[in-house]
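1. Sequence and predicted structure below; questions after.
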Amino acid sequence: MNSSALIHAILDGVLTGSVYALMATGLTLIFGVMNIINVAQGILVILGAYLSYSLSVHFGIDLFVGLIITIPTLFVVGIVVERFFMARLKGPERTSMSILVTYAISLIIEGALNMIYSINIVQLNAWYVNRSFRIFGIYLPYIYLFGFILAVVLLASLYVMLYRTRFGASVRASLADQVSAALVGINVKRVSTICFGLGVAVTAAGGMVYGATNAFNASTSYDLISRLLTIIVLGGMGSLGGALLAAILMVTLGDVVAVVWSPIWSSPTFFLVLVVVLSLRPQGLFGKQSARVA
Amino acid sequence: MSKVKPSFWGLGLAALAVFPLIVTNPTYTSIGVFALLFMACATSWNMFSGYSGYVSLGSAIFYGCGAYTMALVSTHVHMAGGAAQFWLVPLGGLVAMVVAVPVGAIALRVRRHTFVVITIALFFVFQLLAINASFTGGAAGISLPLIPWLFNYYNLPFYYVALGMVIFATVLSALVRRSRFGLQLLAIRDDEDRALGLGVRVTAVKLTGFTMSAFTIGMAGALYAMFIGQIYPQFVFEPNFDITVALMAFLGGFGTLLGPLLGGLILESSQQYLTLSFSNGSLYLILFGVLFLLVILFMPQGIVPAVSKWWVGRGEKRARESQAGTAVSTASTMKANPTVDHAPAGAKP
């Protein structure tokens, strides 16, 4: 082990961690507002990656320019899924049912993607995927930097929307307490639909960067969703800042373990950290301790 | 809980017992073995998750541990393939229970929603361990001793052992349901804080239930490994298993006794049939996903509560009609209060 490999791992962790943060923020937003665990988030990321793939291969559209098309597309997908399936779920087992429904949706998308794109592994391509820049004596492809900037810009705009606009205030009110939010006149149903759409829309950007930095096919989504779920539980479910911090922490840790020890133990460490943290802090790093959860 | 007549249980059991004697085609009897395995798993899963409301999506941990116990022990002691291996089935269950104690102790520190996600995460820990650890044989899997039974009769012993497992799981689940312990689990499902306030030792009760439910699932995993003769970490520690078992219970009726049995029977046989008829894996995924969605959206309560509600409603209607025929005056008084909620307790989550 040498220090430049370690720097590489940390840098890589922070840069890709921000992309994971973006994807996990969508997941935790959906959970926080609607009490729905969207296990289809993983396959939606892959769907976003494949959309970018098609646009760049068949129409020659640049990956970043293509986001103008893919982000709204996935936003609509999210709205449709919410309207048709999530809004129908009621009763005390709603959260558990939501896992089953979104899992069914992810199976359908997985089957469709396998049929359309075959199970051969692909990776997105562009000049910034192949060319590297030099930083701290190591070389990194430009996509890591661009992906980081994209994630930061999107996360920042999400935060501005949540903390500086009227709509954001109603989202935060719904996050805090749905019943009280409805009592002060917030249309919680509408807020939920839009949040679901937003939570899914971020997977377009996340998927594009993921697809450019990793080789993928539809079954990659299992690894992805397990990581995303770990991140939001670690950060505290429903906590936006927690998801951000946990994502960067976990991805960096995984990368460092891969360098220091072995890539084989990178994923188990990821999950073992979760287990250790939860034994000490069951509500996650930033989760609110709910006094009464029915 | 809806009351099902004892004669119905007897009839169902008799039908399952004679099935492989009437349908002797090994293709169908092997579907029967899988269906029984999943019925046992779903019933056992429901005994904890259905009663307590803590939905576990990590049951494949126990299935995998049972399967690996069978595979590792039978290969390490150089067992001859055959009936003696059946003794390892309960051992698989015991190992699963031992594993369930620390898993439950970690996962049950949190409340329901987070519990679901932690069980998923812990499941992936075990899957990765099975793939990467040295003693499991890694991704190449393990070949079990070959069982020298005739092809035509190969499935039969497995079928009856699996049937015994289903009976065991059902009886255990019924006993738990009627015991003080079962009531404590149900109290946790309805209102955990109130149950705690009333003196239920919730943590101990949850952990006991979780560990108990691991036993049958571990046995099923062990029997599965023996039946298949070759295991791979991805196939015994499989995320689909977690979800399928939960779906079976939801399809039949979450928290009911009969529900998981029906759900397991219907879902596993149709799944096996679909796999056999559609060699195209992607199409199969889509069909299974659609089937899955339809079930959840149109029968959110599950088959058993929906049917028993309909049955009770029908009885009420008939009684009302006959009453209306004899005395018109009572019919008008009934109209004043037409909708009485007769949902059976089992349907009320």
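-> It's in. Everything numeric in this text was worked out from a predicted model, so none of it was measured.
2. use CA for all of it now, contacts and neighbours both
-> Fine.
3. Just the CA coordinates for stretch A:138-158, please, in PDB.
-> Only the C-alpha atoms of stretch A:138-158 are listed here, as PDB (Å, rounded to 0.1, in the frame of the first residue of the first chain):
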ATOM      1  CA  ILE A 138      -2.800  10.900  -9.500                       C
ATOM      2  CA  TYR A 139      -4.800  10.600 -12.700                       C
ATOM      3  CA  LEU A 140      -8.600  10.600 -12.600                       C
ATOM      4  CA  PRO A 141     -11.000  10.600 -15.600                       C
ATOM      5  CA  TYR A 142     -12.800  13.900 -16.100                       C
ATOM      6  CA  ILE A 143     -16.100  12.300 -15.600                       C
ATOM      7  CA  TYR A 144     -15.400  12.000 -11.800                       C
ATOM      8  CA  LEU A 145     -15.000  15.700 -11.600                       C
ATOM      9  CA  PHE A 146     -17.900  16.500 -13.900                       C
ATOM     10  CA  GLY A 147     -20.100  14.000 -12.100                       C
ATOM     11  CA  PHE A 148     -19.200  15.600  -8.800                       C
ATOM     12  CA  ILE A 149     -20.000  19.000 -10.000                       C
ATOM     13  CA  LEU A 150     -23.300  17.800 -11.400                       C
ATOM     14  CA  ALA A 151     -24.200  16.100  -8.100                       C
ATOM     15  CA  VAL A 152     -23.300  19.200  -6.100                       C
ATOM     16  CA  VAL A 153     -25.300  21.500  -8.400                       C
ATOM     17  CA  LEU A 154     -28.300  19.300  -8.300                       C
ATOM     18  CA  LEU A 155     -28.100  18.700  -4.500                       C
ATOM     19  CA  ALA A 156     -27.700  22.500  -4.000                       C
ATOM     20  CA  SER A 157     -30.700  23.300  -6.100                       C
ATOM     21  CA  LEU A 158     -32.700  20.600  -4.300                       C
END
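4. What are the buried residues along that stretch?
-> A:140-148, A:150-152, A:154-155, A:158 (16 or more other Cα atoms under 10 Å in any protein chain shown).
5. Which of those fall in helices?
-> A:142-148, A:150-152, A:154-155, A:158 (DSSP state H).
6. which bits of the stretch 151-294 of chain A sit near chain B?
-> A:226, A:229-230, A:233, A:237, A:264, A:267-268, A:271-272, A:275, A:278-279, A:282-283, A:292-294 (Cα under 8 Å from any Cα of the partner chain).
7. Write a ChimeraX command that selects only the buried members of these.
-> The buried residues among these can be selected in ChimeraX (16+ other Cα under 10 Å) with this line:
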select /A:226,229,230,233,237,267,268,271,275,278,279,282,283
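8. Can you identify each of the strands in the stretch 101-250 of chain A by residue range?
-> A:132-135, A:138-141 (DSSP state E, counting those that start in this stretch).
9. Looking at those, which is nearest to chain B?
-> Closest to chain B of these is strand A:138-141 (Cα to the nearest Cα; 28.7 Å).
10. List the contacts of the closest one.
-> The contact list for strand A:138-141, computed with Cα atoms under 8 Å, 6 or more residues apart in numbering or on different chains, reads A:4, A:8, A:128-134.
11. go with 10 Å
-> A:4-5, A:7-8, A:11-12, A:127-134, A:213 (Cα atoms under 10 Å, 6 or more residues apart in numbering or on different chains).
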